[in-house]
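Undergrad: Model the structure of this input:
(2 chains)
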Amino acid sequence: DAKTTQPTSMDCAEGRAANLPCNHSTISGNEYVYWYRQIHSQGPQYIIHGLKNNETNEMASLIITEDRKSSTLILPHATLRDTAVYYCIVRVVLRGNNAGNMLTFGGGTRLMVKP
Amino acid sequence: DAGVIQSPRHEVTEMGQEVTLRCKPISGHNSLFWYRQTMMRGLELLIYFNNNVPIDDSGMPEDRFSAKMPNASFSTLKIQPSEPRDSAVYFCASSPGQGGSEPQHFGDGTRLSIL
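TA: Have a look, this model is predicted:
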């Protein structure tokens, strides 16, 4: 799986958009970009994933550049409860009985939302 | 819907004792994963199952660790004998389907302390 690079930490004001970048310059054509977050003392929580197109759900938006070498997770209106470590993960998608959608977690970005 | 359920939430025991961690995946999910999280090494995949069959256990640290999935609704991770360096938070996750791009859903973990 391709390696990802994320800033170690970021701050964001409450109510403003949080834009979390991720570089994955060695991504290959069959690798998806996944975002998870981990709030203190909880298990990782799935946020969103995509292959080529931008994606949006009730939690966030994922913007993937045309060359797919980087992406940005956008939390449109950050709240204090969004303070967490955000992980960007790139993974090959395999299919079949013996396939596993294994995740390799890096260090992530520690997002601090401040009042 | 109930999420992934892990028990116990906390475990403190003396080195040399046997430790058994338990996981109930989300009903209908075909894949189950065990992860370990420490400050030094972050989140690491230990083993994963598809349809109750272990597919990849290359992340299991050594023979003291073993995992079983006797049926689709239950899995255990056992450490025997336990050592202080096994102290960590252990997460269980499950996902639907057999491979593919489906996201993983994590439990809240078991915080294990070996004295």
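
Undergrad: what residues are up against B:Gln6?
TA: B:21-24, B:90-92, B:107-110 (Cβ atoms under 8 Å, 6 or more residues apart in numbering or on different chains). Backbone N, C-alpha and C define where each C-beta goes, glycine included.

Undergrad: List the contacts of stretch B:107-115.
TA: With contacts defined as Cβ under 8 Å, 6+ apart, stretch B:107-115 is touched by A:41-43, B:3-15, B:19, B:21, B:23, B:37, B:82-93.

Undergrad: Just the buried ones from those residues?
TA: Among these, those classed as buried by 16 or more other Cβ atoms under 10 Å in any protein chain shown are A:43, B:4, B:6, B:11, B:19, B:21, B:23, B:37, B:82, B:86-93.

Undergrad: Chain A contacts on chain B?
TA: B:4, B:31, B:33, B:42-45, B:48, B:50-51, B:55-56, B:91, B:93, B:95, B:98-109 (Cβ under 8 Å from any Cβ of the partner chain).

Undergrad: Among those residues, which lie within strands?
TA: B:31, B:33, B:42-45, B:48, B:50, B:55-56, B:91, B:93, B:95, B:105-106 (DSSP state E).

Undergrad: And the residues you listed, which of them are buried?
TA: By 16+ other Cβ under 10 Å, these give B:31, B:33, B:42-43, B:45, B:48, B:50, B:55-56, B:91, B:93, B:95, B:105-106 as buried.

Undergrad: Could you state which residue of chain B sits nearest its centroid?
TA: Centroid-nearest residue in chain B: B:Trp34, 3.1 Å away (criterion: Cα atoms, centre = their mean).

Undergrad: Just grab the bridge partners of that residue for me.
TA: B:Ile47, B:Cys92 (DSSP bridges).

Undergrad: can you pull the contacts of it?
TA: Going by Cβ under 8 Å, 6+ apart, B:Trp34 touches B:23, B:45-48, B:67, B:75, B:77, B:90-92.

Undergrad: Please look at B:Arg64 and B:Gln80 and confirm they touch.
TA: Yes: under the criterion of Cβ atoms under 8 Å, B:Arg64 makes contact with B:Gln80 at 6.1 Å.

Undergrad: what about A:Glu66, how many neighbours?
TA: Residues near A:Glu66, counting by other Cβ atoms under 10 Å in any protein chain shown, number 6.
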